[in-house]
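Trainee: Got a predicted structure plus its sequence, pasted below:
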Amino acid sequence: QAVKSGTANYLHFTRSMRDDLKERLDLEDELRAAIRDNQLVLNYQPKVAIHGGEPVGGEALLRWQHPKRGIVPPGVFIPTAEETGLIVPIGEWVLRNAIKQIREWLDAGLPPIQIAVNVSERQFRWGHLPALIDVLLSESGIPPHLLQLEITETILPEDLEGALQQMRWIADRGVALALDDFGTGYSSLSYLRELPLDCLKVDRKFVMDMERDQSTRHIVEAIVAMAQAMDLKVVAEGIETPAQWEILKRLGVEEGQGYLFSRPMPADAFAEFIRHAAKPV
Ligand code: C2E
Ligand code: MG
Ligand code: MG
Ligand code: MG
């Protein structure tokens, strides 16, 4: 009996492993097709000044317009893209298109604002990210400070020295760097100091818990104090309620992003949002 159910478990186990593997291989093939057939789209979410609520920038967020599955959010395919290395061509597509978009908005007379692009650790391991950015900046002629790269803390343990060198190079070029999802990883203060950062993005989890949990408010307060000491700007992610906005104002957080202000939206709608908000009153 025990042997039987053991065998059944084993079969079940291998079968589900095989299914997982097949699913991943299918997803990998489909992702290759997505790059080739232009199924990737960028949405943009405004970043606002906490004090007055006016837009000061935006974040490019990747969407996959799948022919059968509809719009696939990045949480579903970025992990596979990272595992398979497809994030390198995908990341190149994202950078190229975000920079092209910045150029078009400048040409259309939109007030110049900084656009952030998320970058994966794999793109630093690739080794050619600084060169790619250099080429894209020269080709487009956009002011480098209109581009910001968002990196997560997980980049760092892999190849800290290699990634650091590339970040310094990119920062020297005038591109801004933000540490995304701050507070969820393992950054030590000593390496935070090593990174050529402009800004810390406080993870949504903290913003979510702030209202009901005083110790979370204290943590955010401490992050703001630390950021000030290190001359970094603080951006809060995932602001959904007026009460959260109030608390962030009180804590002295400079910028924020969240559904309260706007969801990520297609490029045209984003441009409208910026144009509208920037109109003199
Ligand atoms: P992230 O960079 O931390 O982006 C913020 C995520 O929070 C976005 O999810 C955004 O839509 C969502 N968000 C913003 N405001 C709110 C809010 O008020 N409430 C809630 N519940 N969510 C909010 P999204 O677009 O699904 O992206 C998820 C993650 O996928 C991103 O997290 C980023 O890590 C990754 N990602 C997105 N685009 C790219 C990309 O082009 N390249 C890479 N490597 N990763 C990307
Ligand atoms: Mg981000
Ligand atoms: Mg984040
Ligand atoms: Mg995230």
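Mentor: All right, it came through fine. Ligands and ions are numbered 1, 2, ... in the order given.
Trainee: Secondary structure element for residue 60, which one?
Mentor: strand 55-66 (DSSP states H and E).
Trainee: is that strand anywhere near ligand 1?
Mentor: Yes: judged by CB under 6 Å from any ligand atom, strand 55-66 and ligand 1 are in contact via 61, 62. C-beta: built from backbone N, CA, C; applies to glycine.
Trainee: Stretch 265-272: which residues count as buried?
Mentor: Neighbour counts over stretch 265-272 (16 or more other CB atoms under 10 Å) mark 265, 267, 270, 271 as buried.
Trainee: Isn't the third one up against residue 44?
Mentor: It stands for residue 270. Yes: between residue 270 and residue 44 there is a contact under CB atoms under 8 Å: 3.9 Å.
Trainee: intersection of neighbour lists for the two?
Mentor: residue 58 (CB atoms under 8 Å, 6 or more residues apart in numbering).
Trainee: re earlier: strands - which of the buried residues of stretch 265-272 land there?
Mentor: residue 265 (DSSP state E).
Trainee: export the buried residues of stretch 265-272 to a markdown table and tack on pLDDT and distance to ligand 1?
Mentor: Listed next are those as a markdown table, based on pLDDT from 0 to 100; distance: CB to the nearest ligand atom, whole Å:
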| residue | pLDDT | distance to ligand 1 |
| --- | --- | --- |
| 265 | 98 | 10 |
| 267 | 98 | 14 |
| 270 | 98 | 13 |
| 271 | 98 | 18 |
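Trainee: Would you tell me which one of the buried residues of stretch 265-272 comes nearest to residue 137?
Mentor: Of all the buried residues of stretch 265-272, residue 137 sits closest to residue 267, with 19.8 Å by CB to CB.
Trainee: surely residue 124 meets residue 168?
Mentor: No: in this structure residue 124 lies outside contact range of residue 168 using CB under 8 Å: 11.9 Å.
Trainee: between those two, who's got more neighbours?
Mentor: Between residue 124 and residue 168, residue 124 has the larger neighbour count (other CB atoms under 10 Å), namely 23 against 15.
Trainee: where does this structure dip in pLDDT?
Mentor: Within the chain, the stretches with pLDDT under 70 are 1-13, 155-158, 278-281.
Trainee: what are the ranges of the strands in it?
Mentor: Ranges of strands within the chain are 40-49, 55-66, 70-72, 114-118, 147-152, 176-182, 199-202, 233-236, 255-256, 265-266, based on DSSP E.
Trainee: Among these, which comes closest to residue 191?
Mentor: Using CB to CB as the criterion, the shortest distance between residue 191 and these is 10.5 Å, found for strand 176-182.
Trainee: Against which helices or strands is that closest one packed?
Mentor: strand 114-118, strand 147-152, helix 160-172, strand 199-202 (3 or more CB pairs under 8 Å, 6 or more residues apart in numbering; DSSP states H and E).
Trainee: Residues of this protein that sit close to ligand 2?
Mentor: Contact residues (CB under 5 Å from the ion) of the chain with ligand 2: 118, 150, 180.
Trainee: Cross-check the contact I'm expecting between the second one and residue 200.
Mentor: This points to residue 150. No: using CB under 8 Å, residue 150 is not in contact with residue 200; the gap is 10.7 Å.
Trainee: if I pick the nearest residue to residue 193 once chain neighbours are set aside, what's in contact with it?
Mentor: Excluding its sequence neighbours, the residue lying closest to residue 193 (CB to CB, 6 or more residues apart in numbering) is residue 230, at 6.9 Å. Residue 230 is in contact with 192, 193, 197, counting by CB under 8 Å, 6+ apart.
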